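Undergrad: sequence unknown, structure follows:
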């Protein structure tokens, strides 16, 4: 062994190199305050290792980036751990950078002859921030996409060549494949390469000048090895433990819904350590033409001032000024960060922000489930766009919810996977939760108790100490009162059963807000006849409910429809003969005299699609349609969009075995 | 040993707080046993924390070893063509095998996943894999010689797939075949590991 080492040493000089590295003299002995540089070197080592392994699973194209990151996070063994370590280490690095900078400035380690090394350090700091900025986009999720758009649009403000620079960085005028390939090359090639060069220079110069001891030097000198090394590895261990703790807690790192240029994302924010700049730009002073000051000139001057510290430090009181400036910057950035976050979670638009966060998490869960269950034929975004559960609800909210409701809301309420007790909901409204949790709830949001259909604000429920559990939260309160039926569970047995209840028929949940409440259905049938029904009549009516609901062929009711075949046959007989529905409705064959909707295939996909296309068609309401637009005839919606709404209403979409029971 | 070490910073005189020579000679402050333990801890912790990123990386890098080939249909048979499409004179013809394919995060329907040679022998089709058992090149059919020929390392195969001459360790891989609905040709398409003298399915 020794002879082998001798052989190597003879050719490399490894022994003297190691000695030089380990037996660096530390004036005043080892100290905990010297560990920050080592922890930074260590975190960069972690990022290099995990980054290269992530590279082996990542694909930098707009059709594959989210998909490959989702695969790493949710399909690859240990991928969540790998991605989690990379992501969370990156979150720790700005803190370590700051501590390192503060230690250097406070100890006066920037002073001559260490100016150059200090500037290397400032450059390294900027490089790490650039790595964060480029890495933020790579998962190609809503958050990264929209935040990067903002960041690159700021480049537009750069004097003289702003628009050209932006075009070069983005790879064109549109964000797409080349934005990702360019960002990825920067993130995994150019910036790490520069980082390595600068670190080598930084450490070389550091070793050349030695450590700057923190005054006063009390203890005797010591070598770097082993006391300072020990402190350094313990600090690195602490960083590792902290990172792993967060990674395990969150099971990796968050991945939002895939980037979608057509869907707004009200929670687009830069990573937390850029929030102060983000907030800075909101100051009224930087409105309009002055924005370039907030975005470029002032931050540039701040970096310039930091770079000038070695010269300022030469004057009497210069060092004190420098230390003061660092704390002023730190305090200012801290305050701005706090203000930014506070505005998001408790400001006037906080409901919008928090709902976007919840909605993004919901879409991300959904698309991850779709990717797992169905596979991705083209892109994850198209899975979401073709998914009735997601897209049907969005279209309903946009086109139908001004009159209709879906379970009291506009279709986009966040439904909890399972009903939660009031206590838990209450915790989600608290300020700490709103600051730190992705599933925080705004106090003003409507929440619904699963046992009732009554909507009240969470706040009033909290005040009333009402009992949970709740199953829907985070719905926007629609502007107008409902004017048309609530379509949750349309054509299910319960929905039809309630429809045929005279009081419910004229309630706001059904036709209370429409002209139909004064129509023949209510006046001549429900009010005049059904109110006087005896038990036997009600049994017949129930058979009709079951038979009519079976016309819809709802996937959620298939088993019931099959087992109730006899009852359904009876119900059809009652419908046609005993109760006399066909006096006003067509059933089985067209009836030109009918003035109520055709009941053939009532609630089926085809029926809903035809109805939405043209409610005034002779099959539906040729003479007595009340305000419903002909969405198909007027080309407000395409056939595909109407189909998505119909499938969503019918619950006819992909369900994981686990959530097939739920919503 | 430490006493032999010279300061590597000789010549840098004006640095603030820099001691070219230690103010006091750095000497162990504590007994050697404790320092030995500290050195051991340094090495131990250093190794431990360095292993973390590598461990996470290797865990996911080794993911392919845990994945199994999902295979074709339920029984592995894929409809390739009909008997009428195979030349009646007994010459082999190449047919594309189309099936659903999972490629990491993508799931494609009806894409080419490979090819087979089909040849009629006494009116019944026989199937041979198109991939050379040597190192996986695509084997050509040569109409002039009426034989199979691998253009990479010049292996020659007879029409029945038997090795005529060359470096291939085994004959061309025959594939199971079924006739369904009288004329449909279904092939149990699978890939085999190259280089072995016996066909070992890739799984």
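TA: Received, thanks. Just so it is clear, the structure is predicted and the values come from calculations on it, not from any experiment.

Undergrad: contacts and neighbour counts: CA atoms only from here.
TA: Will do.

Undergrad: what packs against the worst-scoring helix or strand of chain B on mean pLDDT?
TA: Every helix and strand in chain B was compared by mean pLDDT, DSSP states H and E; the lowest is helix B:63-66, with a mean of 86. On a contact count with 3 or more C-alpha pairs under 8 Å, 6 or more residues apart in numbering or on different chains; DSSP states H and E, helix B:63-66 meets no helix or strand.

Undergrad: for the helix or strand just after it, what is the average pLDDT?
TA: Next helix or strand after helix B:63-66 toward the C-terminus (DSSP states H and E): strand B:77-82. The pLDDT scores in strand B:77-82 average 94.

Undergrad: Parallel or antiparallel, which strands does strand B:77-82 pair with?
TA: Counting by DSSP bridges, the strands paired with strand B:77-82 are strand B:184-188 (antiparallel).

Undergrad: What are the contacting residues of the partner strand?
TA: B:75-83, B:125, B:127, B:175-180 (C-alpha atoms under 8 Å, 6 or more residues apart in numbering or on different chains).

Undergrad: which SSE is residue 95 in?
TA: No chain specified, so I'll use chain A. helix A:79-106.

Undergrad: if you could check chain B rather than the one you did, that'd help
TA: Residue B:95 belongs to strand B:93-103, assigned by DSSP H and E.

Undergrad: What residues of that strand count as buried?
TA: For strand B:93-103, burial by neighbour count (16 or more other C-alpha atoms under 10 Å in any protein chain shown) applies to B:94-95, B:97-99, B:101-102.

Undergrad: what residues go with each domain of chain B?
TA: Listed domain ranges for chain B are B:14-64, B:77-188 (source: automatic domain parsing).

Undergrad: Can you say which of those domains is packed in most?
TA: domain B:77-188 (a mean of 18; mean count of other C-alpha atoms under 10 Å in any protein chain shown).

Undergrad: Determine how far it lies from the middle of the whole chain.
TA: 22 Å (C-alpha atoms, centre = their mean, to the nearest Å).

Undergrad: First residue to last residue on that domain, what's the distance there?
TA: Taking C-alpha to C-alpha, to the nearest Å, the first and last residues of domain B:77-188 lie 4 Å apart.

Undergrad: Do you have the helices of chain B handy? List them.
TA: Ranges of helices in chain B, per DSSP state H, are B:32-61, B:63-66.

Undergrad: distance between the shortest one and the chain's centre?
TA: Helix B:63-66 sits 11 Å away from the centroid of its parent chain (C-alpha atoms, centre = their mean).

Undergrad: Name the surrounding residues that touch that helix.
TA: Counting by C-alpha under 8 Å, 6+ apart, residues outside helix B:63-66 touching it are A:76-77.

Undergrad: go again using 10 Å as the cut-off
TA: Contact with helix B:63-66 is made by A:75-79, B:104, as judged by C-alpha atoms under 10 Å, 6 or more residues apart in numbering or on different chains.

Undergrad: In this structure residue B:62 contacts residue A:57, no?
TA: No - look at residue B:62 against residue A:57 with C-alpha atoms under 10 Å: they stay out of range, at 11.5 Å.

Undergrad: Need the residues touching each of these two.
TA: The contact lists of residue B:62 and residue A:57 share residue A:76, where a contact means C-alpha under 10 Å, 6+ apart.

Undergrad: Just list the residues touching residue 105, thanks.
TA: Picking chain A for this. A:99, A:111, A:118, A:306, A:309-310, A:313, A:319-320, A:322-326.

Undergrad: Not quite, go with chain B.
TA: Contacts of residue B:105 by C-alpha under 10 Å, 6+ apart are A:64, A:66-72, A:75, A:371-372, A:375-377, A:379-380.

Undergrad: which of the residues you listed come close to chain B?
TA: Residues of the contacts of residue B:105 in contact with chain B (C-alpha under 10 Å from any C-alpha of the partner chain): A:64, A:66-72, A:75, A:371-372, A:375-377, A:379-380.

Undergrad: Dead centre of chain B: give me the residue that sits there.
TA: residue B:64 (9.0 Å; C-alpha atoms, centre = their mean).

Undergrad: domains in chain A, as residue ranges please.
TA: A:2-267, A:269-346, A:377-475, A:493-649.

Undergrad: could I get those domains as CSV with mean pLDDT?
TA: Listed next are these as CSV, based on pLDDT from 0 to 100:
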stretch, mean pLDDT
domain A:2-267, 93
domain A:269-346, 93
domain A:377-475, 84
domain A:493-649, 93
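
Undergrad: nearest to residue B:141, of the ones you listed?
TA: Ranking the domains of chain A by proximity to residue B:141 (C-alpha to C-alpha) places domain A:377-475 first, at 34.1 Å.

Undergrad: returning to that earlier point: where among the helices of chain B is average confidence lowest?
TA: helix B:63-66 (a mean of 86).

Undergrad: Regarding chain B, what is its longest strand?
TA: If you go by DSSP state E, chain B has its longest strand at strand B:106-121.

Undergrad: quick check: angle from that strand to strand B:93-103?
TA: 160 degrees (axes from the mean of the first three to the mean of the last three C-alpha atoms, to 10 degrees).

Undergrad: who does strand B:106-121 touch, helix- and strand-wise?
TA: Counting contacts by 3 or more C-alpha pairs under 10 Å, 6 or more residues apart in numbering or on different chains; DSSP states H and E, strand B:106-121 is packed against helix A:65-74, helix A:350-374, strand B:77-82, strand B:93-103, strand B:124-129, strand B:174-175, strand B:184-188.

Undergrad: Now do it, average pLDDT.
TA: Rounded mean pLDDT across strand B:106-121 is 94.

Undergrad: Ramachandran angles for residue A:486?
TA: phi -80, psi 120 (degrees, to the nearest 10).

Undergrad: State the number of residues packed around the closest residue to it other than its chain neighbours.
TA: Spatial nearest neighbour of residue A:486, excluding adjacent residues (C-alpha to C-alpha, 6 or more residues apart in numbering or on different chains): residue A:405 at 4.4 Å. When neighbours are defined as other C-alpha atoms under 10 Å in any protein chain shown, residue A:405 has 25 of them.

Undergrad: Pretty sure residue B:193 sits against residue B:170.
TA: No - Residue B:193 lies out of contact with residue B:170 (C-alpha under 10 Å); the separation is 11.3 Å.

Undergrad: Now the common contact residues for the two.
TA: Between them, residue B:193 and residue B:170 share the contacting residues B:133-134, B:199, judged by C-alpha under 10 Å, 6+ apart.

Undergrad: Can you add pLDDT and distance to chain A and give those back as a markdown table?
TA: Converted to a markdown table, the shared contacts of residue B:193 and residue B:170 look like this (pLDDT from 0 to 100; distance: C-alpha to the nearest C-alpha, whole Å):
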| residue | pLDDT | distance to chain A |
| --- | --- | --- |
| B:133 | 95 | 29 |
| B:134 | 94 | 29 |
| B:199 | 91 | 30 |
